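Asker: Let's see this in three dimensions:
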Amino acid sequence: MSTGETPRFTVGLVQMACGDSAAANVETAVDLIRQAAAQGAQIVCLQELFCSRYFCQREDAANFELAEPVPGPTTARCAALAADLDVVLLVPVFERRAAGVYHNSVAVIDAGGALLGRYRKTHVPDDPLYHEKFYFTPGDLGYPVFETRFARIGPLICWDQWFPEAARLSALGGADLIVYPSAIGWHPAERDTEGAAQHDAWRTVQRAHAIANGVFVAAVNRVGHEGPPGGGLQFWGGSFVCDPAGRILVEGSVDGDEVVLAECDGGAVERQRRGWPFLRDRRVDSYAGLTARLLDGAVRQGLESDRRDGERSR
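Answerer: Just a heads-up that it's a prediction; the model follows:
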């Protein structure tokens with residue numbers, strides 16, 4: 001094995017339907033985590049906001065009562081489970097940071113039960129039935145990568161999966177595996193006309209992150225209908241893992257509680273990047289414009305002036 005190469009590791013994704021009882025949801029998740037470990041999973045990831053139904057379909061201040069601190073009850077339960085099963089757990093939490101400050105977070109618990117830290121969702125949507133800006137403050141921890149016993153993991157969350165910058169920074173931070181806990185589904189009125197295209201776009205953009213960065217990517221999504229008949233959201237499941245070439249290794253069903261398991265050859269990261277050396281060939285001197293909202297007017301002029309100044313100084 002080459003120096004720094006990650007050995008094989010097995011990822012288990014837990015997709016499930018959620019009900020009204022947080023306690024029942026947690027017990028379902030615990031049972032599925034145990035199943036994943038029994039099947040050989042070393043890294044187990046739960047779906048976004050797994051303790052509850054997806055409450056962001058409407059703005060209701062009462063839902064802040066669902067939040068908890070990190071560390072807190074859910075991370076304590078999962079830390080004990082990680083120690084018992086000797087697995088890494090990625091545990092999404094509705095995090096109460098302080099009065100009036102809440103985050104959509106993922107706690108990373110190493111095999112043995114140590115809480116390594118957390119990631120706070122950076123890109124927060126505000127769309128019909130996805131009113132997350134009402135609940136969540138954007139993350140302020142950057143894009144941390146966690147050195148777990150089995151792999152270097154970059155956790156991101158749902159809406160983050162549409163942004164190539166987040167995946168790239170996770171890869172630059174050393175991630176072998178990027179994981180996206182998700183809660184994504186169809187508006188029932190759109191399913192017949194737009195559903196196939198939306199689902200294909202969701203898979204395609206994440207496969208593209210794997211290819212562009214030479215990393216494994218895993219997405220874990222909930223299943224089931226939540227909301228009134230004829231309305232709400234139909235979550236499409238389909239949790240999957242793809243390799244650094246973007247090939248789907250395993251994919252879950254569209255409607256079932258299950259463990260989706262994939263064995264990943266860590267050496268594939270090194271081999272893929274040797275053959276397709278995108279990180280080597282990046283022109284970091286030419287990307288200053290990425291920090292601007294748009295390249296228009298004074299912004300473009302300022303970047304051009306900075307470029308000329310840089311050339312004169314060389």
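Asker: so what's residue 134 up against?
Answerer: 56, 59, 126 (CB atoms under 8 Å, 6 or more residues apart in numbering). Glycine gets a C-beta too; all of them are placed from N, C-alpha and C.
Asker: Now restrict those to buried residues only.
Answerer: residue 56 (16 or more other CB atoms under 10 Å).
Asker: you'd agree residue 11 is up against residue 259?
Answerer: No - with contacts defined as CB atoms under 8 Å, residue 11 does not count as touching residue 259, sitting 10.3 Å away.
Asker: So which of the contacts of residue 134 sit within strands?
Answerer: residue 126 (DSSP state E).
Asker: and the contacts of residue 134 as CSV, adding distance to residue 221 and pLDDT?
Answerer: CSV is the format used below for those (distance: CB to CB, whole Å; pLDDT from 0 to 100):
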residue, distance to residue 221, pLDDT
56, 15, 98
59, 23, 98
126, 20, 97
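Asker: quick one, what contacts the residue most central in space within the chain?
Answerer: Geometric centre of the chain, nearest residue: residue 180, 1.8 Å, by CA atoms, centre = their mean. By CB under 8 Å, 6+ apart, residue 180 lies in contact with 156, 157, 158, 160, 161, 206, 217, 218, 219, 220.
Asker: isn't there a strand covering it?
Answerer: Yes - the assignment for residue 180 by DSSP: H, G, I helix; E, B strand; the rest coil puts it in a strand.
Asker: just for the protein, where's the confidence low?
Answerer: Along the chain, segments meeting pLDDT under 70 span 1-5, 306-314.
Asker: Could you pick out the longest strand of it?
Answerer: strand 88-98.
Asker: Could you identify the helix or strand that succeeds that strand?
Answerer: Going down the chain from strand 88-98, the next helix or strand is strand 101-109, by DSSP states H and E.
Asker: Just want the angle from that next one to strand 88-98.
Answerer: 160 degrees (axes from the mean of the first three to the mean of the last three CA atoms, to 10 degrees).
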